[in-house]
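Asker: how would this look folded up:
(one chain, ligands or ions: 1)
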Amino acid sequence: MERRLAGEPVGRIMGEREFYGLVFHLNSATLEPRADTELLVDLALGLLPPQGSLLDLGTGTGCIPIAILHTRMDVSGVAIDVSAQALEGARDNAERHGVAARLKLLHGSWFGPLGAPAGQGKFDLVVSNPPYIETAVLAGLSREVREHDPVLALDGGPDGLAPYPILAAGAQEWLRPGGNLLLEIGSTQGEAVALVLRSLGYVEVTVHKDLAGLDRVVSGHHLGDNGHTAV
Ligand SMILES: C[S@@+](CC[C@H](N)C(=O)[O-])C[C@H]1O[C@@H](n2cnc3c(N)ncnc32)[C@H](O)[C@@H]1O
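Answerer: Here you go, the predicted model:
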């Protein structure tokens, strides 16, 4: 009770948080998963082909790929985070939910741990819920967020958009022709992020709303080198 009165979120006190019907352990380097992110999981499940492969960038607790792999036994994936401590948490959660054999966890910045792209990409779907809060806004966030979520999980640079061009450009190197990109966004960032995807050549770029009616995820379809979707 004292910890809660001092502004510590219930999930931090309990050391775990429910996401997509599963319980995820938290540590000080992992963002507490948010219900809004379940929209990204729903969209991913609709896009992944049979035996599909998934890449998650900035995995935190691993909630996104673990929820997907737990729902779809035929899917396998790779998850990356720049925080080694967050990855330890993701490994623990993957084992806890029985998907560790199908989820490879890699340490490093964005696509870096994958090495150089070789020819055509190998993933059917690339997803990310990157840090997207403007740096200047961080100090004004509620104390629950400001004092308990890791800044590395929140700070999206001066305009909050810094990760998006990196993620969208890198995904083009790693997606199979006909693959898809799903990026979580802040509720005011839909237009700006959609523009980033369109300017890079993604098609069918769509801004999806969450249950509160707010813009929450941008999706884009990656055509093959010849401009046609592979069949
Ligand atoms: C908003 S959190 C999302 C965590 C989790 N995917 C979720 O939805 O709850 C962003 C994550 O990106 C990671 N991150 C920040 N910069 C990164 C980078 N350059 N490369 C890889 N991961 C990064 C953070 O450590 C954090 O785990």
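Asker: buried set for the helix or strand hosting residue 191?
Answerer: For residue 191, the host element (DSSP states H and E) is helix 190-200. Using 16 or more other Cβ atoms under 10 Å as the test for burial, helix 190-200 gives 190, 193, 194, 196, 197, 200. Where C-beta positions appear, they are placed from N, C-alpha and C, glycine not excepted.
Asker: how about the longest strand along the chain, does it reach the ligand?
Answerer: Ranked by residue count, the top strand of the chain under DSSP state E comes out as strand 175-184. No - on the criterion Cβ under 6 Å from any ligand atom, strand 175-184 is out of touch with the ligand, staying 6.9 Å away.
Asker: Strand partners (parallel or antiparallel) of that strand?
Answerer: Strand 175-184 pairs in its sheet with strand 123-128 (parallel), strand 215-221 (antiparallel), by DSSP bridges.
Asker: So which residues on the chain come close to the ligand?
Answerer: 31, 33, 37, 57-61, 63-64, 80-83, 86, 109-110, 129-131, 152-153.
Asker: If you go by neighbour count, which of these are buried?
Answerer: Among these, the ones that count as buried by 16+ other Cβ under 10 Å are 31, 33, 37, 57-61, 63-64, 80-83, 86, 110, 129-131, 153.
Asker: Filter those down to the ones in helices?
Answerer: Secondary structure from DSSP state H places 63, 64, 86 of these in helices.
Asker: In a markdown table, list these along with pLDDT.
Answerer: What follows is those, written out as a markdown table (pLDDT from 0 to 100):
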| residue | pLDDT |
| --- | --- |
| 63 | 98 |
| 64 | 98 |
| 86 | 98 |
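Asker: between these, which is closest to residue 218?
Answerer: Distance to residue 218 across those (Cβ to Cβ) is lowest for residue 64, with 15.2 Å.
Asker: For the closest one, which non-adjacent residue is closest in space?
Answerer: residue 56 (5.2 Å; Cβ to Cβ, 6 or more residues apart in numbering).
Asker: give the contact list for the one you found.
Answerer: Neighbouring residues of residue 56 by Cβ atoms under 8 Å, 6 or more residues apart in numbering: 62, 64, 65, 77, 78, 79, 80, 127, 128.
Asker: Identify the bridge partners of it.
Answerer: Assigned bridge partners for residue 56, using DSSP bridges, are residue 79, residue 127.
Asker: First-to-last residue distance for stretch 213-224?
Answerer: For stretch 213-224, the first-to-last residue distance is 33 Å (Cα to Cα, to the nearest Å).
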